[in-house]
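1. Got a predicted structure plus its sequence, pasted below:
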Amino acid sequence: MARSIRLALFALALCIPILAAPGDAAAPLGDCASEPALADRKDVVYCEPWESPTWFQGGWVASARVNAAPPVRADHVRLTSIEREGCLSGSCLRVQMKQFVTTGVSIHWPLKNAGLAPEQLYMRYYMKLGPEFHTENCRLADGKAVVTDAGGKFPGLADSRDSSDPSGQCGNGGMRGDGINCWSHRMGFRNCSGRFCPRVPGAVLRLFGYLYFHGQEGETGNAALWDRDPWGQTTGRGKRCSNEPTNLACAVARDAGALAREKWYGIELFIKMNTPGEPDGVIRGWIDGVPVYEKTNVIFRMPGHQNLHVRTAWLDVYKGGLYGNCRDSDIFLDQLVLATDAPIGPHPAAPRDPAGK
């Protein structure tokens, strides 16, 4: 016992996290008060309900650096605000997506805050698109907004690097996932082209996983669409989702992933790291508690690189590509939860109908 206490104090003095296995956490960090059902779960790591204007001081950091990442300052979240009306439960976070600006917010909650370096993690948050939300990206030319593309990124999970990290930028910004230094899985969105969006009333975007991983096509992330429309699917080296690690066309629900404005959606993502070099990594996705995506043969890391794990929850709201919004719009976020062992599921304040109708 005395030796354990001495080791703990020594690690604390050196700012070294004591890594715990899934399920070992005594109590979650953050504020889980709005979900009483989480109180009996030992695997819940962190809850962020966005009730406090100083929420970003709860362990959030401003970069993907592995070590000595700077804490978030108020200017890092200058385009966010705590809102008191129209939320799922209590207050919620508004993220402004300004005209011609790409980044609404991009910060990280590292799992080492909880003394963890997990092999797997569940992340759930609620998201609502504002009344003016649109998918188009624009640049300014001759005083006018010129549409260049459509799409962007939403929050997800990662073990990525940035340009200030000694290992160099990796897993974002056009620096591919290499299976050695990085991977990332943010959520992404694009315009509602294709055949299935018209079947979903009011749909304005297609939601997908946005992956930087070993074997990806090209330099930027690949889309793992959360619907079964064949248009725009990433099929990698071909074959099928079940027998080709680079084929990401793995949706299990036909019309899921088409989101409308001014409606709360529960987005849940699960990542399980692969045995290094083996195609047994897992990605699963749910919307409002309904399974919509599953892939069980991902390669995130190569032999000898057990250093990669689920290192950070990435709070990223980004428009682009290279160019930002065509006009000002907002999204709203609420009730973020991280857990290691089992799906988190819907918040008690969410609509009872899984389709949200």
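-> Nice, I can see it. Quick caveat: nothing in here was measured; it's all calculated off a predicted structure. Numbering: from 1, shown residues only.
2. residues near Thr246, how many?
-> The local packing of Thr246 (other C-beta atoms under 10 Å) involves 22 other residues. (Each C-beta comes from the backbone N, C-alpha and C, glycine too.)
3. Relative to Gln57, how far out is the residue nearest to it when sequence neighbours are not counted?
-> Nearest residue to Thr246 in three dimensions, chain neighbours excluded: Gly236, at 2.7 Å (C-beta to C-beta, 6 or more residues apart in numbering). Separation of Gly236 from Gln57 (C-beta to C-beta, to the nearest Å): 41 Å.
4. Arg284 now?
-> Taken as C-beta to C-beta, the span from Arg284 to Gln57 is 32 Å.
5. Those two - which one has more neighbours?
-> Neighbour count, other C-beta under 10 Å: between Arg284 and Gln57, Arg284 has more, with 20 against 12.
6. isn't that one right next to Ala251, touching?
-> No: assessed by C-beta atoms under 8 Å, Arg284 is found out of contact with Ala251, at 11.3 Å.
7. Between the two, which contacts overlap?
-> Counting by C-beta atoms under 8 Å, 6 or more residues apart in numbering, the contacts common to Arg284 and Ala251 are Tyr293.
8. Strands of the stretch 251-357 of the chain, start to end?
-> Counting by DSSP state E, counting those that start in this stretch, residue ranges of the strands within the stretch 251-357 of the chain are 258-260, 265-272, 281-287, 290-298, 312-319, 329-339.
9. I'd like to know how many residues surround Ile299.
-> 21.
10. and if you look at the one 10 residues further on?
-> Residue neighbour count, defined by other C-beta under 10 Å, stands at 20 for His309.
11. Check what pLDDT Gly171 gets.
-> Here the pLDDT value assigned to Gly171 is 91.
12. what bits of the stretch 1-150 of the chain have low per-residue confidence?
-> 1-26 (pLDDT under 70).
13. returning to what we had before: go through the strands of the stretch 251-357 of the chain and name the closest to Gly304.
-> strand 281-287 (16.0 Å; C-beta to C-beta).
14. angle of the closest one against strand 290-298?
-> 170 degrees (axes from the mean of the first three to the mean of the last three C-alpha atoms, to 10 degrees).
15. change the start of the numbering to 23 and stick with it
-> Understood, numbering begins at 23; the last thing we discussed is strand 303-309.
16. Within the sheet, what are the partner strands of strand 303-309, with directions?
-> Looking at strand 303-309 with DSSP bridges, its partner strands are strand 287-294 (antiparallel), strand 312-320 (antiparallel).
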